[in-house]
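S.K.: sequence plus the predicted model coming up.
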Amino acid sequence: MTTDTFLSLSLSLPPERGSGKSFPPAHSPTHPSLCAKPTCLHKGNRKAEGTHKPYSPDQCSRSESTCYSLLKVSRPLLKMGCFGFLKAMMVLFNGIIFLAGVAILGVGIWVKVDSGSIFNFLQNIQDAPSELGQLLNVGYLLIAVGAVLLILGFLGCCGAVRESTCMLLLFFVIILIVFIAEVAGAIVLLVFKPMAEKLINQVGTEAVKSIRQDYGKNQDLTGLWNTTMSTLKCCGFYNYSDFTDSPFVKDWGYYPPQCCSNTTCTADNSAVPGCFTALKKLLDDNAVIIIAVALGIAALEVAAMIVSMTLYCKIGSKHD
């Protein structure tokens, strides 16, 4: 049976046997006899073309049954078409995003509500990387990221299932805003380097200001800097001098131990580079990986915008 015949049969499959409905006439292109092999339609022992032997009655019956099954399966898939496929993909990927958002949001809330139990849990993990301790200091960031992913997943999934143009449009707008912000950031970093350096210097000024005001007094900020310095093997934003006049130095009389290789850290024996320098080196060493990941994320965002807007237009045309 040719592909064209199969497609025409799948779109006009005859009624089920025993359903009370009659089959089309024998000459109709949708008659069940078309599912039989050619040699099944002849009586006697006439052989098919070539060297093949005629099919037995059992083989003919199985062949027709298989043909009917294929027609039943293929008809809804063909009717689903492009619109149904896009809906299915939208639901699948946004369902994954929604579940990821729920998980990240849950971890963030757990970190902020019960950080003590998490700290004990991390300590009991054998050979756990030190970076896991960073979870204790980024609770609010995890909550924010989880909430955004949860909202995006909900809008995309429910918008596709319920065919809601409002949800799909809101999903498109959020992705578009994120995409524009990423492109603008990349342009600033690549094209306007002096402007980027000025912005980084402003961030550094604020970072040093927060260190001198709250390091050693604010538990969250102190823990964040301690974990960052231990992970990147650095000291402060620029160097040890960032901690001068900080509550920690005033109370203990020395600098954080991450700033020195000795037990007691003073200004004379601190030679550890600043975290900005260490972070810049880390980014330079992994530039190819970072660019590849960024391009992959951008491609996913563009695909999400195209799919959501396509569904939005098709649903809108159906309602008109």
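M.R.: That came through, no problem. Residues are numbered from 1 along each chain as shown.

S.K.: mind listing what the nearest residue to Cys157 once chain neighbours are set aside touches?
M.R.: Nearest non-adjacent residue to Cys157, counting by C-beta to C-beta, 6 or more residues apart in numbering: Asn94, 4.1 Å away. For glycine as for every other residue, the C-beta is placed from the backbone atoms N, C-alpha and C. By C-beta atoms under 8 Å, 6 or more residues apart in numbering, the contact set of Asn94 is 152-157, 160.

S.K.: with distance to Val178, secondary structure and neighbour count added, can I get these in JSON lines?
M.R.: Putting the contacts of Asn94 into JSON lines (distance: C-beta to C-beta, whole Å; DSSP: H, G, I helix; E, B strand; the rest coil; neighbours: other C-beta atoms under 10 Å) gives the following:
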{"residue": "Leu152", "distance to Val178": "9", "secondary structure": "helix", "neighbour count": "20"}
{"residue": "Gly153", "distance to Val178": "14", "secondary structure": "helix", "neighbour count": "21"}
{"residue": "Phe154", "distance to Val178": "16", "secondary structure": "helix", "neighbour count": "18"}
{"residue": "Leu155", "distance to Val178": "13", "secondary structure": "helix", "neighbour count": "25"}
{"residue": "Gly156", "distance to Val178": "13", "secondary structure": "helix", "neighbour count": "28"}
{"residue": "Cys157", "distance to Val178": "18", "secondary structure": "helix", "neighbour count": "21"}
{"residue": "Ala160", "distance to Val178": "19", "secondary structure": "helix", "neighbour count": "26"}
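
S.K.: list just the nearest of the residues you listed to Pro256.
M.R.: Nearest to Pro256, judged by C-beta to C-beta, of the contacts of Asn94 is Leu152 at 38.7 Å.

S.K.: ok so, going back, could you measure from the residue nearest to Cys157 over to Phe85?
M.R.: To Phe85, Asn94 is 15 Å away according to C-beta to C-beta, to the nearest Å.

S.K.: cool, and Cys260?
M.R.: Distance from Cys260 to Phe85, by C-beta to C-beta: 61 Å.

S.K.: who has more neighbours, these two?
M.R.: With neighbours defined as other C-beta atoms under 10 Å, Cys260 and Phe85 compare such that Cys260 has more, 20 against 12.

S.K.: ok, that one touching Val272?
M.R.: Yes. A contact is recorded between Cys260 and Val272 when judged using C-beta atoms under 8 Å, the distance being 6.7 Å.

S.K.: overlap of the contact sets of the two?
M.R.: Residues touching both Cys260 and Val272 by C-beta under 8 Å, 6+ apart: Tyr240.

S.K.: in terms of helices and strands, where is the spatially closest residue to Ser164 that is not a sequence neighbour?
M.R.: Using C-beta to C-beta, 6+ apart and skipping the chain neighbours, the partner closest in space to Ser164 is Cys158 (6.7 Å). Following DSSP states H and E, one finds Cys158 within helix 139-161.

S.K.: also Ala196?
M.R.: Going by DSSP H and E, Ala196 is in helix 193-214.

S.K.: so what does that helix touch, helix or strand wise?
M.R.: Secondary-structure packing of helix 193-214 (3 or more C-beta pairs under 8 Å, 6 or more residues apart in numbering; DSSP states H and E): helix 165-190, helix 219-232.

S.K.: tell me the buried residues in the first one?
M.R.: Within helix 165-190, the residues that qualify as buried are 165, 167-172, 174-176, 179, counting by 16 or more other C-beta atoms under 10 Å.

S.K.: could you identify the most distant pair in the residues you listed?
M.R.: Across the buried residues of helix 165-190 (C-beta to C-beta), the longest gap, 20.6 Å, separates Thr165 and Phe179.

S.K.: and the nearest residue to Ala144 once chain neighbours are set aside, what does it touch?
M.R.: Spatially, and ignoring its direct neighbours in sequence, Ala144 is nearest to Gly108 (7.8 Å; C-beta to C-beta, 6+ apart). The contact partners of Gly108, by C-beta under 8 Å, 6+ apart, come to 138-146.

S.K.: for those, give me JSON lines that also has distance to Ala186, pLDDT and neighbour count.
M.R.: What follows is the contacts of Gly108, written out as JSON lines (distance: C-beta to C-beta, whole Å; pLDDT from 0 to 100; neighbours: other C-beta atoms under 10 Å):
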{"residue": "Val138", "distance to Ala186": "24", "pLDDT": "70", "neighbour count": "17"}
{"residue": "Gly139", "distance to Ala186": "28", "pLDDT": "74", "neighbour count": "19"}
{"residue": "Tyr140", "distance to Ala186": "26", "pLDDT": "79", "neighbour count": "12"}
{"residue": "Leu141", "distance to Ala186": "21", "pLDDT": "81", "neighbour count": "14"}
{"residue": "Leu142", "distance to Ala186": "25", "pLDDT": "83", "neighbour count": "20"}
{"residue": "Ile143", "distance to Ala186": "26", "pLDDT": "88", "neighbour count": "18"}
{"residue": "Ala144", "distance to Ala186": "21", "pLDDT": "89", "neighbour count": "14"}
{"residue": "Val145", "distance to Ala186": "20", "pLDDT": "88", "neighbour count": "16"}
{"residue": "Gly146", "distance to Ala186": "25", "pLDDT": "90", "neighbour count": "20"}
